[in-house]
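A.B. asks: got a sequence here, can you build the structure:
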Amino acid sequence: MLEDRILVWRLNRRDTTALCRVYEKYRDDLLKVAAALLYDNSGIEDVLHDVFVEIAGKAGHLQLRGNLKGFLAICVANRARDHNRSLQRRTTVPLDKIRQDSTPQAEPQHATQRSEVMQRMHEAMLELPEEQRETIVLHLQSRMRFREIARHKGISVNTAMSRYRYGLNKLRSALDGEL
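C.D. replies: The predicted model follows:
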């Protein structure tokens, strides 16, 4: 998009309002990417904050080959992966315990049902291998094309498409009959 190219140009001239605009424009989408990839929901905003601190540090020499949203989504995915790894090193609490603690409390009936479905979907996503989960989230949530995902991840387009397809098949089999 032209606006994104102008924002990157302004960022490279150290215009702080450009960074604010990028944050406002893509915050919600990037938070959804982080939420889908993180094992620990408490780190969602931290991951996004870290990405924007890193972007601010690159001001002056930021170069994009693709679109800005895709670049930011990849940055969030990478930071989420790092966060998950550090979380695994720091704690030995089983994921089942974390999932049980995060169940919603008293809500209206329809919200509870929707929340249960979302919880089952989130749990099924966490069971996927990291590469498949990232590919699904980047393609569906960030609307990145397989070509972009492949380029950013350093894999072939066929590998990106296979990870997506295998991940969806695993989700279908895990959730078969539940949704």
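
A.B. asks: for the helix or strand where A35 lies, what is the average pLDDT?
C.D. replies: In this structure, A35 sits in helix 16-37 according to DSSP states H and E. Mean per-residue pLDDT for helix 16-37: 91.

A.B. asks: kindly report the same for stretch 152-163.
C.D. replies: 92.

A.B. asks: middle-most residue in this structure, spatially?
C.D. replies: Most central in the chain under CA atoms, centre = their mean is V33, positioned 2.4 Å from the mean C-alpha point.

A.B. asks: what residues are up against that residue?
C.D. replies: A73, V76, A77, A80, V137, L138, Q141, S142 (CB atoms under 8 Å, 6 or more residues apart in numbering). C-beta coordinates here come from the backbone N, C-alpha and C atoms, glycine included.

A.B. asks: touching, the fifth one and A35? I think so.
C.D. replies: Right, the one you point to is V137. No. Counting by CB atoms under 8 Å, A35 is not a contact partner of V137; they are 9.3 Å apart.

A.B. asks: between the two, which one's more packed in?
C.D. replies: Neighbour totals were compared for V137 and A35, and V137 leads with 24 against 17 (other CB atoms under 10 Å).

A.B. asks: could you look up the SS state of that one?
C.D. replies: helix (DSSP: H, G, I helix; E, B strand; the rest coil).

A.B. asks: what does G66 give?
C.D. replies: Classified using three-state DSSP, G66 is coil.

A.B. asks: contacting residues for it?
C.D. replies: When contacts are counted by CB under 8 Å, 6+ apart, G66 touches E148, R151, H152.

A.B. asks: can I get those in JSON lines including secondary structure, distance to K25 and neighbour count?
C.D. replies: As requested, those are exported to JSON lines (DSSP: H, G, I helix; E, B strand; the rest coil; distance: CB to CB, whole Å; neighbours: other CB atoms under 10 Å):
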{"residue": "E148", "secondary structure": "helix", "distance to K25": "18", "neighbour count": "23"}
{"residue": "R151", "secondary structure": "helix", "distance to K25": "22", "neighbour count": "17"}
{"residue": "H152", "secondary structure": "helix", "distance to K25": "20", "neighbour count": "20"}
